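Engineer: got a predicted model here, sequence first, then my questions.
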Amino acid sequence: MPNHHSDTDFLPLRPMTLGDLATVVALENRAYPFPWTPAIFSDCLKHGYSGWIYEQDSELLGYAMLMFVLDEMHLLNICLAPELQGQGFGSRLLKTVERIARAAKAETCFLEVRQSNFSAIRLYLNAGFNEVGVRKGYYPTEFGREDAMVMAKTLF
């Protein structure tokens, strides 16, 4: 299938380093009620996972953490500054992550999303992801646990 994307569909990303963790964690804490800890990000980078940064004028605006296993890419975390949400940046960040996955020869992308995160679910459905399962009690909530919807997309 031909690729009909223009370069404006993608965001300029750079690899995440351990030096980015303070700003990444600050954005994570602003964006999510149950954020990843600094240790989670640090462990991901130390174990060779693929972290990517989106910034403009040295300001962190978004990031993604990817794990590659054989011909699969698992989108572990994707985040966009709250003030940019709902403006198409999430779609562009996701397309850019998919391009990185294709370049790494990943054939399928998997992710989990909170079942209550309707805006993210809509983003993923619009990007061609399909629901492929449920992980019971995957996410913490204020009063217990919440199920995750497992979604997947074929990249090739």
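Structural biologist: Now that the structure is in, tell me what you want to look at.
Engineer: flag every buried residue along the longest helix along the chain.
Structural biologist: The longest helix of the chain (DSSP state H) is helix 89-103. Neighbour-count burial for helix 89-103, counted by 16 or more other CB atoms under 10 Å, picks out Phe89, Gly90, Ser91, Arg92, Leu93, Leu94, Thr96, Val97, Glu98, Arg99, Ile100, Ala101. C-betas here are computed from N, CA, C, even on glycine.
Engineer: got the confidence number for Glu112?
Structural biologist: At Glu112, the pLDDT value in this model is 97.
Engineer: and what of Pro2?
Structural biologist: 45.
Engineer: what's the answer for Gly86, then?
Structural biologist: 89.
Engineer: over to Ala103?
Structural biologist: Note on Ala103: pLDDT of 96.
Engineer: that one and Pro33: what is the separation?
Structural biologist: Distance check for Ala103 against Pro33: by CB to CB, to the nearest Å, it reads 33 Å.
Engineer: same question, Gln85
Structural biologist: Taken as CB to CB, the span from Gln85 to Pro33 is 14 Å.
Engineer: out of the two, which sits in the busier spot?
Structural biologist: Gln85 (16 against 10; other CB atoms under 10 Å).
Engineer: my read: the more buried one touches Arg122, true?
Structural biologist: No: with contacts defined as CB atoms under 8 Å, Gln85 does not count as touching Arg122, sitting 11.8 Å away.
Engineer: ranges for the helices of the protein?
Structural biologist: Using DSSP H, helices in the chain cover 21-31, 38-46, 89-103, 118-126.
Engineer: return the mean pLDDT over the last one, rounded to an integer.
Structural biologist: Per-residue pLDDT values over helix 118-126 give a mean of 95.
Engineer: going by neighbour count, list what's buried in it.
Structural biologist: For helix 118-126, by 16+ other CB under 10 Å, it's Ala120, Ile121, Leu123, Tyr124.
Engineer: excluding its backbone neighbours, what's nearest Gly86?
Structural biologist: Ser119 (7.4 Å; CB to CB, 6 or more residues apart in numbering).
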